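[1] Prediction below, plus the sequence it came from.
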Amino acid sequence: MKRKAFRAAAPYTLPICVGFLFLGMSYGFLMRSKGFSFVYPMLMSSFIFAGSMEFVAVNLLLSAFNPLHAFFLTLMVNARHLFYGISMLDKYKNTGLKKFYLIFGLCDESFSINCTVTPPPDVDRGWFMFFVTLLNQCYWVTGATLGALLGYVIRFDTTGIEFVMTALFAVMFVNQWEETDNHSPALTGVGCTLLCLLLFGSENFIIPAMAFIILCFAGKKKLEAVK
């Protein structure tokens, strides 16, 4: 059962493997350029496993200790996971103890696969989602550790390297746009985000934008139900 689930999950994660290895290496290089041992990115990618927050955490580790600021910054950066988690409640039912790791390991890419892919009839859904999540985290941890180790022997200017996360999200958006004929969800997301950016500014728009997007989708679903 587990072997079948692993074989079914692995092909879906291969494109993410390429991206995560590169992104993870960029993060490892960045950490090493700031003077951190390879142990830091290895452990942070293992226990935090939030790529965008890990990039942000580099400056948090180098600045004055301010737990309140760190808490709210983390909340804003990763607020989207609140909505991911709500949408995965039904899918995570009846997965046993695997549910705890699925919750911990939920990231954008794992969410995208587990939310849209239906495993073959002879494959256990819980184990399929487990291996998708586990493989994606392994790719990230490997990339981060390898990048930090290479940082000991390779030196280059890392200015702007944190932009790779933005580039990843842009590529994912374009890919999903090309794979579907219904662009209204994407346009709704872009419209809500731009509106909240104008209203709340670049430092505070993420949480309001996420809430606005959810309200729009909920309202649309309610209207469709009435019709």
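    Looks like it came in fine.
[2] Which secondary structure state does residue 123 sit in?
    Following DSSP: H, G, I helix; E, B strand; the rest coil, residue 123 is assigned to coil.
[3] Look up the closest residue to it, ignoring the ones flanking it.
    For residue 123, ignoring the flanking residues on the chain, the nearest one in space by Cβ to Cβ, 6 or more residues apart in numbering is residue 8 at 4.7 Å. Just so you know, the C-beta spots here come from the backbone N, C-alpha and C atoms, and that holds for glycine as well.
[4] can I assume that neighbour is in contact with residue 119?
    Yes - if you go by Cβ atoms under 8 Å, residue 8 and residue 119 touch, sitting 5.4 Å apart.
[5] overlap in contacts of those two?
    Overlap of the contact sets of residue 8 and residue 119 (by Cβ atoms under 8 Å, 6 or more residues apart in numbering) consists of residue 128.
[6] And the helices in the protein?
    With helices called from DSSP state H, the chain shows them at 2-33, 39-47, 51-62, 67-77, 80-87, 98-104, 108-116, 125-150, 164-179, 184-200, 206-226.
[7] can you put these in TSV and add mean pLDDT and mean neighbour count?
    Listed next are those as TSV, based on pLDDT from 0 to 100; neighbours: other Cβ atoms under 10 Å:
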stretch	mean pLDDT	mean neighbour count
helix 2-33	89	19
helix 39-47	93	18
helix 51-62	84	18
helix 67-77	80	13
helix 80-87	79	15
helix 98-104	93	15
helix 108-116	86	18
helix 125-150	94	22
helix 164-179	71	13
helix 184-200	88	14
helix 206-226	77	14
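[8] how close does residue 145 sit to residue 59?
    21 Å (Cβ to Cβ, to the nearest Å).
[9] And residue 2, by the same measure?
    Distance from residue 2 to residue 59, by Cβ to Cβ: 40 Å.
[10] With residue 216 instead?
    33 Å.
[11] do residue 205 as well
    Applying Cβ to Cβ to residue 205 and residue 59 gives a distance of 20 Å.
[12] So what's the predicted local confidence for residue 95?
    Confidence at residue 95, expressed as pLDDT, is 89.
[13] For the nearest residue to it once chain neighbours are set aside, give me its contacts.
    The shortest distance from residue 95 to any non-neighbouring residue, by Cβ to Cβ, 6+ apart, is to residue 126 (3.7 Å). Residues near residue 126 by Cβ under 8 Å, 6+ apart: 94, 95, 96, 98.
[14] Weed out the non-buried ones from the residues you listed.
    The neighbour-count criterion (16 or more other Cβ atoms under 10 Å) marks 95, 98 among the contacts of residue 126 as buried.
[15] nearest to residue 48, of the contacts of residue 126?
    Nearest to residue 48 among the contacts of residue 126, counting by Cβ to Cβ, is residue 98 at 20.4 Å.
[16] Leaving out chain neighbours, which residue sits closest to the closest one?
    residue 130 (4.8 Å).
[17] can you tell me how far that neighbour sits from residue 95?
    Going from residue 130 to residue 95 by Cβ to Cβ gives 8 Å.
[18] Quickly list what's touching both of these two.
    residue 102.
[19] what residues are up against residue 77?
    50, 52, 53, 56, 206.
[20] if I look at residue 192, how far off is residue 214?
    Residue 192 is 9 Å from residue 214, by Cβ to Cβ.
[21] Can you give me the domain boundaries for the chain?
    What automatic domain parsing lists as the domains of the chain is 2-178, 180-227.
[22] about what we covered before: quick one: residues contacting the residue nearest to residue 123.
    By Cβ under 8 Å, 6+ apart, residue 8 lies in contact with 119, 120, 123, 128.
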